[in-house]
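J.: quick one, structure for this:
(2 chains)
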Amino acid sequence: MKNTIKVERAIKDYTQEDLAKLVKVSRQTINAIEKRKYVPSTALAMKIAYIFGKKVDDIFTLEDTDWD
Amino acid sequence: MKTNFLFPYKFKRAGWIVFIPAAILGSFYLFFDYTPDFLHLQSPFIDSESMFSATNNNLIDEISGVFSIIGLLMIAFSKEKNEDEFISKIRLESLLWATYINYIIVLFGIIFVYGSAFFYVLIFNLFTILLFFIIRFNLVLHNLKKEER
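T.: Modelled structure (predicted):
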C-alpha cells in the first residue's frame, strides 16, 4: 500500500516522532509505515488522516501487490 | 477494546531481577550438583518410587525452575514502553519464530541425543522457547530503533 505520509509530514513540518505522539504509536511504527514495511490498521490509518485533516483515501492508496 | 494479555511495562525489569538469580542457582545445581543444606526438606510431594509419601528432597531445583519460568514470562510478556499494533505484530511473529526454532532443536535432540543426556535437552527445553522469543523479539525491536529516520 502506498502512502503520502512523508509528504504530509513535510507540509505540516512534523517529525516522525511528532506524528507518532499525535496518533499514540511508537516512532518505529510511523517509520515502518512510511517505508511500506507495515500496513496500519484501519483505526490507525484514520487517525493519521485525521491529524492531517484529510481522508484516508488521500493518504493511502492500494497498489497491485495488495491484490495478491 | 484493548485486551492484549500483557503485563505492565514495569514487570520487565522485575522479570530480570527474578530470572537472573534463579538461572544462576539453577546452573549451579545442573552443572556442579550444588545442593545447599538449608534447602533440604521432607516434602509431601509425588516421587516416582513411593507415591504420595514423604520424600527427602532438595528444593533448589524447584525454586530455580519456578522462578526462572516466572521471570522469563515476565520479561517476555511485559508491555513495551510504547506497545502499539506494529509491536504486537512483531511480538506474534517472534513467538511463531521461537516456536519453530524450539521444536527444530527438540527434534534434533530426539533424533541425536540418547540416554541421560536427553534429560538435559528436556530440562533446557523448559526455558528455550521463552528465551528464543525474548532474543528474537528484542533483536527486531533493537534493529527498528536503530534504523535511520
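J.: all contacts plus neighbour counts: C-alpha atoms, from now on.
T.: Noted.
J.: okay, helices next: where are they in chain B?
T.: Applying DSSP state H to chain B gives helices spanning B:11-32, B:60-76, B:85-112, B:116-146.
J.: where in the chain is the helix or strand with the lowest mean pLDDT?
T.: Let's take chain A. Taking mean pLDDT, DSSP states H and E as the measure, the helices and strands of chain A show their lowest mean at strand A:2-3, namely a mean of 90.
J.: chain B was what I was after
T.: By the measure given (mean pLDDT, DSSP H and E), strand B:40-43 is the least confident helix or strand of chain B, showing a mean of 68.
J.: tell me, how many residues neighbour the residue nearest to A:Asp66 when sequence neighbours are not counted?
T.: The shortest distance from A:Asp66 to any residue other than its chain neighbours is 6.5 Å, reached at A:Met1 (CA to CA, 6 or more residues apart in numbering or on different chains). Using other CA atoms under 10 Å in any protein chain shown as the criterion, A:Met1 is surrounded by 16 other residues.
J.: do the one 4 residues further on as well
T.: Around A:Ile5 sit 22 other residues, with neighbours defined as other CA under 10 Å.
J.: so it touches A:Lys35, yeah?
T.: No. The criterion here is CA atoms under 8 Å, and A:Ile5 misses it with A:Lys35 at 10.0 Å.
J.: and B:Phe45, what pLDDT?
T.: Listed pLDDT for B:Phe45 reads 61.
J.: do B:Pro21 as well
T.: Taken from the predicted model, the pLDDT recorded for B:Pro21 is 94.
J.: which residues of chain A lie near chain B?
T.: The interface of chain A toward chain B, taken as CA under 8 Å from any CA of the partner chain, is made up of A:16, A:25-26, A:28-29, A:31, A:38, A:40-41.
J.: chain A contacts on chain B?
T.: For chain B, the residues in contact with chain A under the definition CA under 8 Å from any CA are B:82-87, B:144-145, B:149.
J.: pick out the lowest-pLDDT one from these.
T.: Pick the lowest pLDDT in the residues of chain B next to chain A and you get B:Arg149, at 52.
J.: returning to that earlier point: centre of the chain versus whichever helix or strand comes after the least confident helix or strand of chain A, how much separation?
T.: Sequence order places helix A:5-12 as the next helix or strand after strand A:2-3, per DSSP states H and E. The chain centroid and the centroid of helix A:5-12 are separated by 10 Å under CA atoms, centre = their mean, to the nearest Å.
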